[in-house]
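Asker: Need the 3D shape of this:
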Amino acid sequence: MNTLYMLYGDTCPHSLRHREWLARQGSIVCLRFLPHRAEEIACRFPGIEAHLTPRDFTVVSDDCELWTGPAAAVMCLFALEQYRELAERLAHPTLLPYSRTALELLSREVYEMQRLLRRGTHAELEELLRLNSEIVRQHFRLPVPPALPARRA
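Answerer: Residues are numbered from 1 along each chain as shown. Have a look, this model is predicted:
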């Protein structure tokens, strides 16, 4: 397998965000993104129309293997350098139903953080980091950080 074709719904905000996020990642195989309505799809993959859903990725390899639903989310992650190990874990039958959720969380959180880092105000960024640090602290049962000493004038 040298190329994965990721077919996405070009009217679905989730699919568009996933596509943007995936395109920015380092990949192990060549990734090509095609909207579900692209004319090229019917020519390249005859009969695939029955498998396309507007809100999901459909992934097709250059040797015509097809993945839809949770398996397509796993293949999206499997193609990425930094997420191959996660994809292998998500392929386990117990975790497979959660693979779309994992892709959603990765693309949404990273996308929002990048958006704020590029365009957010200092106050928005501080609020995001403060709220998330509290969530992380509670989740991992970390101690409350000590208060900073008052600055001298």
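
Asker: Out of the helices and strands in the protein, which is least certain?
Answerer: In the chain, no helix or strand scores lower on mean pLDDT, DSSP states H and E than helix 122-139, which sits at a mean of 65.

Asker: so what's the backbone phi/psi at the closest residue in space to Arg108 that isn't next to it in sequence?
Answerer: In space, and not counting its chain neighbours, Arg108 is closest to Arg17: 6.7 Å by CB to CB, 6 or more residues apart in numbering. To be clear about C-beta, it is placed using only N, CA and C from the backbone, and glycine gets the same treatment. Here is the backbone geometry of Arg17 (degrees, to the nearest 10): phi -70, psi -40.

Asker: Distance-wise, check Arg17 relative to Ala23.
Answerer: Separation of Arg17 from Ala23 (CB to CB, to the nearest Å): 11 Å.

Asker: likewise Val74?
Answerer: Taking CB to CB, one finds Val74 at 18 Å from Ala23.

Asker: Which one's more surrounded, the two?
Answerer: Higher neighbour count among Val74 and Ala23: Val74, with 26 against 11, using other CB atoms under 10 Å.

Asker: can you pull the contacts of the more buried one?
Answerer: 67, 87, 90-91, 96, 99 (CB atoms under 8 Å, 6 or more residues apart in numbering).

Asker: Can you go through those residues and name the buried ones?
Answerer: Among the contacts of Val74, the ones that count as buried by 16 or more other CB atoms under 10 Å are 67, 87, 90-91, 99.

Asker: Identify the farthest-apart pair in these.
Answerer: The largest separation in these, counting by CB to CB, is between Trp67 and Leu90 at 12.5 Å.

Asker: quick one on the thing from earlier: which members of the contacts of Val74 occur in strands, if any?
Answerer: Counting by DSSP state E, the contacts of Val74 place Trp67 in strands.

Asker: Fine by me, thanks again.
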